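>>> Predicted model and sequence below, questions to follow.
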Amino acid sequence: MSTKRPNYFISLLTMKCPRCRKGDMFRDQNPFHVKLSRIFNMYDNCPVCGQKYELETGFWFGTGYVSYALSVAFSVFNLIWYAVFFGISWRDNSIFIWLGVNTVLLVLIQPWLMRLSRVIYLYFFVYYDESTKHLEKHKHDH
């Protein structure tokens, strides 16, 4: 009986280990109900397969580029939907209203974006390993 390979995008969005796609990367699953100082409270290794998350010292500095790209993509998406539904013009200063709305939305989703950028960055370097598909889902007692 073979188990199905976990979906790449679902595993990424649910912030699972890139190697086994079963283990959690973060100790607190919801980034919005933890203290800001604990937003990056990650396991050192995957609790299921043992994959090391910080591949080298300073590894996470590269996530700034990913976070920037996500923020730009989010802002472009917001610009498009705002222009379609409300219209944007310099004459009525609606561009500044969009800028304010976009800024507020970016600040609100920032904890999730920061975590997601770490997950995406790690997924660039660590690939799914078929030999981990037999591992059982690990239950956390923490």
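Sure, I can see it.

>>> Please report the distance of Y127 from C49.
Relative to C49, Y127 is positioned 12 Å away (criterion: C-beta to C-beta, to the nearest Å). Using the backbone N, CA and C atoms, a C-beta is placed for each residue, glycine as well.

>>> again, but for N30
According to C-beta to C-beta, N30 stands 23 Å off from C49.

>>> between the two, which one's more packed in?
C49 (18 against 9; other C-beta atoms under 10 Å).

>>> Please settle this for me: is that one part of a strand?
No. The assignment for C49, made by DSSP: H, G, I helix; E, B strand; the rest coil, is coil rather than a strand.

>>> check contacts around the one residue sitting closest to the centre of the chain.
Geometric centre of the chain, nearest residue: L116, 1.1 Å, by C-alpha atoms, centre = their mean. By C-beta atoms under 8 Å, 6 or more residues apart in numbering, the contact list for L116 reads L13, M15, L70.

>>> Can you pull the residues that touch both of Y127 and C49?
Joint contacts of Y127 and C49 (C-beta under 8 Å, 6+ apart) are R19.

>>> Could you name the helices and strands sitting against the host helix or strand of Y68?
In the assignment (DSSP states H and E), Y68 maps to helix 63-85. Applying 3 or more C-beta pairs under 8 Å, 6 or more residues apart in numbering; DSSP states H and E, we find helix 63-85 packed against helix 94-125.

>>> so for the helix it packs on, what's the average pLDDT?
Taken as a whole, helix 94-125 has an average pLDDT of 94.

>>> Quick one: distance of stretch 106-126 to the chain centre.
Centroid displacement of stretch 106-126 relative to its chain, using C-alpha atoms, centre = their mean, to the nearest Å, is 3 Å.

>>> actually stretch 93-113, not the one I wrote
With C-alpha atoms, centre = their mean, you get 18 Å for stretch 93-113.

>>> How about the contacts made by L113?
S67, L70, S71, F74, L106.

>>> how about a cut-off of 7 Å?
Contact analysis of L113 by C-beta atoms under 7 Å, 6 or more residues apart in numbering lists S67, L70, S71.

>>> Name the nearest of those residues relative to K4.
L70 (28.5 Å; C-beta to C-beta).

>>> can you list the weak-confidence ranges in this structure?
Counting by pLDDT under 70, the ranges of the chain that qualify are 1-3, 34, 136-142.
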